[in-house]
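Asker: Let me see the structure of the following:
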Amino acid sequence: MDAARSVNDVPLISVQGVCQTYDKGASGRLVVLDNVDLTLRPGEIVGLLGRSGSGKSTLLRAIAGLIRPSDGRIAFEGAPVTGPPAGMALVFQSFALFPWLTVLQNVELGLEARGLAPAERRRPALAAIDLIGLDGYESAYPKELSGGMRQRVGLARALVVHPKVLLMDEPFSALDVLTAETLRTDLLDLWAEGRMPMQSILMVTHNIEEAVLMCDRILIFGSNPGRVVAEIRIELPQPRNRLDPAFRKLVDDVYARMTMKSGTPARDGFFPGTGIAMVLPRVSSNRLAGLIETVAAEPYRGHADLPPLAAGLQLEVDDLFPIAETLQLLRFAELEEGDIRLTAAGMRFATSDVDERKRLFAQQLATYVPLAAHIRRVLDERSSHQAPARRFRDELEDHMSEDYAAETVKAVTSWARYAEYFAYDEEADVFTLENPA
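Answerer: Predicted coordinates:
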């Protein structure tokens, strides 16, 4: 890397005490980001790593000047960010191309927005297209391109304005595994060779191996509210080898940090809220049972290291963690320092027949999911053994957003149906004891 991109003590981006909240009306305010600090210096790639809903993309948009934070300060080269700075460019998760424009015309958009004449736009746009490996496709339309090619166009459109900072919001997540790997490698090669115009990269990801592969520093975000819970420096030289023991150890370290309990009293395990107000993820009983069976079988025999487990199942953070954390909530498993270990109940579930599994699931549901027990108690107490689901969504909306309330009720409904703990009539939107366990 050239001297112009050597790391120094002058940050390109400085984030201090940033908070982002949204008014939920009578139920208070939703805190998305809480007191976030961050610096980005010349010559480094920094990754924001965390689960969906941890506020990473919200922070990136605030840094890009697309939204204003509720509190705190964001500065670019020392000046407050009050709108999109000229020295930044953003690559989105979706390709965000205009389908009626050619590759060349899409890449020229940023230059056109800056008032450059067509003759002035053409040369730098062609150079950017050539740089990212799409020379020959200038006159093609997005519908003629593969997903990887479309993302390359998005990258060229960002690079053509010669930003000092490139912001990337999960730029590879919409691509298949092989295409994403090729694009990552090409981007890192261009960066190492000093052929990229920017000085630094700030990227959002939920892929742990991607973060360790690409970044010099990783900021791990916790959820509910979003905040930085750990920072890990990656000092391995580029290019990095995924099979290198040092690489694998770093991946293990990140998993351990991300499965570490916060210890705050407002949380039960990894889920926000307490009692019936606990926000629950929609994870199917099939996926829960599948992970139990996988961990119970060889070679794990009830105890698995999350990185190889995730790799073997081809699951990323947003896929694996909700399943594993729900198993912990139900006390079928324990998560600690990047490992998952089945409890006695989990091992018993793995070896049981269908009826015994349902009985065991209903028992855990009644004991460890307060909302499920609350709904069942109401149904038991009523002579009709019926209750409108709207009643429980309204209760939850006193503690969480309308969307979270709806998702939480759907999650409990799915689990209760599997366990035959109570039934649900979707047409009438009513819970019943028509088929109680």
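Asker: quick one: secondary structure of the residue nearest to residue 393 when sequence neighbours are not counted?
Answerer: Nearest non-adjacent residue to residue 393, counting by CB to CB, 6 or more residues apart in numbering: residue 405, 4.9 Å away. Every residue, glycine included, has its C-beta placed from N, CA and C. Following DSSP: H, G, I helix; E, B strand; the rest coil, the label given to residue 405 is helix.
Asker: Can you give the domain ranges for the chain?
Answerer: 3-87+163-258, 276-432 (automatic domain parsing).
Asker: Redo those domains as TSV? Include mean pLDDT, mean neighbour count and distance to residue 129.
Answerer: What follows is the domains of the chain, written out as TSV (pLDDT from 0 to 100; neighbours: other CB atoms under 10 Å; distance: least, CB to CB, whole Å):
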stretch	mean pLDDT	mean neighbour count	distance to residue 129
domain 3-87+163-258	86	18	13
domain 276-432	90	17	30
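Asker: Tabulate these in TSV, adding columns for distance to residue 135.
Answerer: Below are the domains of the chain laid out as TSV (distance: least, CB to CB, whole Å):
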stretch	distance to residue 135
domain 3-87+163-258	13
domain 276-432	32
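Asker: before we move on, which element is residue 73 in?
Answerer: Assigned by DSSP states H and E, residue 73 falls within strand 71-76.
Asker: How about residues contacting that strand?
Answerer: Here strand 71-76 makes contact (CB atoms under 8 Å, 6 or more residues apart in numbering) with 12-19, 21, 35-36, 62-63, 80-81, 85, 87-88, 165.
Asker: CA atoms of it as CSV?
Answerer: The C-alpha coordinates for strand 71-76 follow below in CSV (Å, rounded to 0.1, in the frame of the first residue of the first chain):
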residue,chain,number,x,y,z
ASP,A,71,-28.0,12.9,19.2
GLY,A,72,-24.2,13.0,19.0
ARG,A,73,-21.8,14.2,16.4
ILE,A,74,-20.5,12.9,13.1
ALA,A,75,-17.6,14.6,11.4
PHE,A,76,-15.9,14.1,8.0
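Asker: quick one: strands adjacent to that strand?
Answerer: Applying DSSP bridges to the sheet, strand 71-76 is found paired with strand 13-23 (antiparallel), strand 79-80 (antiparallel).
Asker: Compare these and give me the one nearest residue 369.
Answerer: Ranking those by proximity to residue 369 (CB to CB) places strand 13-23 first, at 26.9 Å.
Asker: following that closest one, which helix or strand comes up?
Answerer: Where DSSP H and E defines the elements, the next helix or strand beyond strand 13-23 is strand 29-40.
Asker: Return the residues in contact with the residue nearest to residue 393.
Answerer: Neighbour list for residue 405: 393, 396-397 [criterion: CB under 8 Å, 6+ apart].
Asker: do residue 349 as well
Answerer: Taking CB under 8 Å, 6+ apart, we find residue 349 in contact with 289, 292, 332, 357, 360-361.
Asker: cool, and residue 49?
Answerer: Residues in contact with residue 49 (CB under 8 Å, 6+ apart) are 56, 205-206, 208, 211, 218-221, 254, 258, 317.
Asker: Fine by me, we can end here.
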